[in-house]
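Below are the sequence and a predicted model for it; my questions follow.
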Amino acid sequence: MVVTAAASLLGSSLMGKLNQQNFNYMIAANPAGYTEEPLRYSKLPDNIRETDLPAWLAQNYQETEFVFLIDNSSYIHHDQPLVDFPSKLQLNQKIWQSCTDLQVPLLYLSCTPGTAEAQSSQQNAFLAWAQAQSRQPFFWAALVLPEVYGPGEPQQKHPSVVYRAYQAWQQGEESFRLLIESLLPRQMVYVKDVVEVCYFLVHHRRDAGVYEIGMQRQYTGQQLAQALRAAMAPPPGKEVGDAAAADAAAADAAAADAAAADAAAADAAAADA
């Protein structure tokens, strides 16, 4: 199993799921200069640079069961892209071509944080290119995702708006209010829902195509505030205990309300597939 952007929230959550299901031979492929914290959930036999993946596949394709191509060319934090888009697009195309030539299954995941307007305005050049190709991997699918949130965000340098709201809550009511009032309606999806769909496709390997997850509903700042207020215990200023454990628990609890509709949509997509 090969996972690109493996140190990201989605990548590390996916590798954790695969480990739980006894997929223990995995390759973590991260972009050069990617400096997130080491993976918490995975025991990895090897790590490679994402740019070296086409050459690695040429040498190891017979042992490669699946490639998860997480596209972080669209990851945006405070309007600044984290990677160079043109070079990332070219690399994605090379990985696609390697999977096509070597007949390795490929699942492409495109994440576009932000408001619905920002998501709809950003063209997914790779998907347009891939769908126009006459030769394709023997199985491939694409998941188009909005902002991903959930457990594991304390280890991320660029957390979701859900976790940033939680951090503002910890700083006090005024910081929390200012952040909530600044938020425009946006689409979000719980990371564990995405991981379950990915795992389903590992075994399904039929019905190639492009699937949207979590794009059916927008959440306002006030809806996010209501979910977080309901989940917060104890309130700011009281003893919390282990900070990392508390952060993960809070993210899990806040996800319960906001992710319900997305979980149902993910289940429906899997059932249809």
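Ah, there it is. Only a predicted model underlies this, so the values are computations on that prediction, with no experimental measurement involved.

ok, which stretches of the stretch 1-150 of the chain are strands?
2-4, 27-30, 46-49, 67-71, 76-77, 80-81, 106-111, 140-145, 147-149 (DSSP state E, counting those that start in this stretch).

Those: lowest mean pLDDT?
Note on the strands of the stretch 1-150 of the chain: lowest mean pLDDT is at strand 76-77, with a mean of 38.

any low-confidence regions in the stretch 101-250 of the chain?
For the stretch 101-250 of the chain, the stretches flagged by pLDDT under 70 are 113-123, 155-157, 233-250.

ok, now with 90
When residues are selected by pLDDT under 90, those of the stretch 101-250 of the chain lie in 110-128, 138, 144-190, 204-209, 211-250.

Which residue ranges of it form helices?
Using DSSP state H, counting those that start in this stretch, the helices of the stretch 101-250 of the chain run over residues 116-121, 125-131, 161-171, 173-182, 191-204, 221-231, 243-258.

between the fourth one and helix 161-171, how many degrees?
Interaxial angle of helix 173-182 relative to helix 161-171 (axes from the mean of the first three to the mean of the last three C-alpha atoms, to 10 degrees): 150 degrees.

Just the buried residues of stretch 89-100, please?
By 16 or more other C-beta atoms under 10 Å, the buried positions in stretch 89-100 come out as 89, 91, 92, 93, 95, 96, 98, 99, 100. For the C-beta atoms, the positions are set from N, CA and C on the backbone; glycine is no exception.

Using PDB, write down the CA coordinates of it.
Coordinates of each C-alpha in stretch 89-100 appear next as PDB, following Å, rounded to 0.1, in the frame of the first residue of the first chain:
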ATOM      1  CA  LEU A  89       0.100  18.500 -11.300                       C
ATOM      2  CA  GLN A  90       3.000  17.100 -13.400                       C
ATOM      3  CA  LEU A  91       3.900  14.700 -10.600                       C
ATOM      4  CA  ASN A  92       0.300  13.500 -10.400                       C
ATOM      5  CA  GLN A  93       0.300  12.800 -14.100                       C
ATOM      6  CA  LYS A  94       3.600  10.800 -13.800                       C
ATOM      7  CA  ILE A  95       2.200   8.700 -11.000                       C
ATOM      8  CA  TRP A  96      -1.000   8.100 -13.000                       C
ATOM      9  CA  GLN A  97       1.000   7.000 -16.100                       C
ATOM     10  CA  SER A  98       3.100   4.700 -13.900                       C
ATOM     11  CA  CYS A  99      -0.100   3.100 -12.500                       C
ATOM     12  CA  THR A 100      -1.500   2.800 -16.000                       C
END
